[in-house]
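Novice: below are the sequence and a predicted model; questions follow.
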Amino acid sequence: MAAHLKRELGRLKKNILSLSALVEKQVNQAVAVVSERDAVIAEKVIAADADIDRWEVDIEEDCLKIMALHQPVAKDLRFIVAALKINNDLERIGDLAANIAKRGKKLANLPEFLAPFDVVAMGDVAQRMLRNSLTSLIDLDGEMAQAVMNEDDIVDEMNRVAYSNVKKAISEYPDQIDALIYYLGVARHLERIADHATNIAEDVIYMISGEIVRHPSSER
């Protein structure tokens, strides 16, 4: 029974990593859609979201099946609980990447207008957080997971700057309101991707230590 459980957990980890690679590619391409105004890549990103959805359902079913058949405890149970949460975060990141691609496709069909914030820089930070959160998962690296969590404030500030710049640009360029609203959506979705990367990092820490850091206690 123990050997069978070990094989099932190994297969589950392999599937999580396969989904991770696909999601990371989606985010990278979604940012490229916006920065390069590439409607062709946009279609690929949007179409691939259905594959991510299928992966998410299959992995969730595997997690539930393992819990029902093997009743894992301690470290193995923490791994499965974390895998369920990470699986959900990856699916949401896939949705956000598709949404960015949709907005990028619409921007590509509008007259070119300079983005009111640095899309590539914000995308780079969000992608780095995602990449490092997944590396921390592979290596079970608590320090790297903590570093990902520390970077979330950077993306939050970038999102605030983007919002402020869009608000100002709308009053200055009212004829560009469609493009500006699309750019605002891109910034918001990148900020949400960073949030989900942070969630993954928190779940990695839980997987390693059993410590729940999502809601740190405060002094009363």
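Specialist: Arrived safely.
Novice: what's the burial count for the closest residue to I181 other than its chain neighbours?
Specialist: Distance criterion C-beta to C-beta, 6 or more residues apart in numbering; nearest residue to I181, sequence neighbours excluded, is V166 at 7.8 Å. For every residue, glycine as well, the C-beta is placed using N, CA and C. Using other C-beta atoms under 10 Å, V166 is surrounded by 21 other residues.
Novice: also I154?
Specialist: I154 has 15 nearby residues by other C-beta under 10 Å.
Novice: thought H196 was touching G94?
Specialist: No. Taking contacts as C-beta atoms under 8 Å, H196 lies outside contact range of G94: 9.9 Å.
Novice: compare those two (neighbour count), which wins?
Specialist: For H196 and G94, the more surrounded residue by other C-beta under 10 Å is G94, and the numbers stand at 27 against 24.
Novice: quick one: contacts for E8?
Specialist: Shown in contact with E8 (C-beta atoms under 8 Å, 6 or more residues apart in numbering): D62, I66, H70.
Novice: of these, which is the most crowded?
Specialist: Counting neighbours by other C-beta under 10 Å, I66 leads those with 22 neighbours.
Novice: quick one, phi/psi of the closest residue in space to that residue that isn't next to it in sequence?
Specialist: In this structure, I66 finds its nearest non-sequential neighbour in E8, 5.1 Å apart by C-beta to C-beta, 6+ apart. Dihedral angles of E8 (phi, psi; degrees, to the nearest 10) stand at phi -70, psi -40.
Novice: what comes up buried for stretch 133-153?
Specialist: 133-134, 136-137, 141-142, 144-145, 147-149, 151-152 (16 or more other C-beta atoms under 10 Å).
Novice: how about the strands in the protein?
Specialist: Assigned by DSSP state E, the chain shows no strands.
Novice: where does this structure dip in pLDDT?
Specialist: 1, 215-220 (pLDDT under 70).
Novice: burial count for E36?
Specialist: Neighbourhood size, E36 [other C-beta under 10 Å]: 14.
Novice: sorry, wrong one. I was asking about I212.
Specialist: There are 12 residues near I212, going by other C-beta under 10 Å.
Novice: which residue is the nearest non-sequential neighbour of it?
Specialist: Y206 (5.8 Å).
Novice: show the contacting residues for the nearest residue to D76 once chain neighbours are set aside.
Specialist: Closest residue in space to D76, ignoring its immediate chain neighbours: L9 at 6.4 Å, by C-beta to C-beta, 6+ apart. Neighbour list for L9: I66, P72, D76, F79, I80 [criterion: C-beta under 8 Å, 6+ apart].
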